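> Quick one, fold the following:
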Amino acid sequence: MIKFILIVNKLGQTRLAQYYTTGLSINKRVALENEITRRCLSRKDKECSFLEFRDLKVIYRRYASLFFLVGVDEEENELGILEFIHCLVETLDRYFENVCELDLMFNIDKAYMILDEMALNGNIIETNKKNIIAPLHIIDQVSKKLK
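Below you'll find the model as predicted:
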């Protein structure tokens with residue numbers, strides 16, 4: 001089960017954070033993000049994309065200037081999560097047309113909507129990019145008509 005999804009830049013600044021566990025205070029979340037981000041960013045490119053942190057496995061992948069980090073429980077399949085990260089990036093790329101950090105910063109609501117279409121309560125529910133983006137295209141069409 002997915003515990004959290006983080007997207008951070010090369011400087012370690014969190015651009016998107018989604019938690020699927022309860023009971024973590026804001027201070028604990030910030031401390032968790034800082035420690036995991038520091039560990040992932042300090043690793044070399046040739047090192048494995050998996051690391052263990054407390055009772056979690058953290059799977060991460062770098063795309064351009066963004067790091068996608070997913071914390072899961074011990075039973076989760078690492079390769080499946082890497083595939084999920086890749087699907088998330090491809091979906092963001094398809095919607096934003098080559099996603100970058102600024103797209104996330106200025107359209108954070110749409111990034112969260114994409115993530116919400118893909119994962120629910122820590123479980124992956126959709127990986128079809130067309131189905132994931134369809135609600136966003138409907139919202140875009142309606143907002144164009146209202147202008």
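> Show me where the chain has its helices.
Here the chain has its helices, by DSSP state H, at 26-42, 78-96, 101-106, 108-118, 129-146.
> What residues sit buried inside the fourth one?
What it means is helix 108-118. 110-111, 113-115, 117-118 (16 or more other C-beta atoms under 10 Å). Quick note: C-beta positions are derived from backbone N, CA and C, even for glycine.
> got the angle between it and helix 78-96?
Put simply, helix 108-118 runs at 140 degrees to helix 78-96, going by axes from the mean of the first three to the mean of the last three C-alpha atoms, to 10 degrees.
> Show me which pair in the buried residues of helix 108-118 is furthest apart.
110 and 118 (12.9 Å; C-beta to C-beta).
> related to what we said a few turns ago, closest to residue 65 out of the helices of the chain?
Of all these, helix 101-106 comes closest under C-beta to C-beta, at 5.8 Å.
> distance between that closest one and the chain's centre?
Taking C-alpha atoms, centre = their mean, to the nearest Å, the mean C-alpha location of helix 101-106 is offset from the chain mean by 13 Å.
> outside of that helix, which residues touch it?
7, 9, 15-16, 65-66, 92, 96, 111 (C-beta atoms under 8 Å, 6 or more residues apart in numbering).
> and with 7 Å instead?
Contacts of helix 101-106 with the rest of the structure, by C-beta atoms under 7 Å, 6 or more residues apart in numbering, involve 7, 9, 15-16, 65-66, 96, 111.
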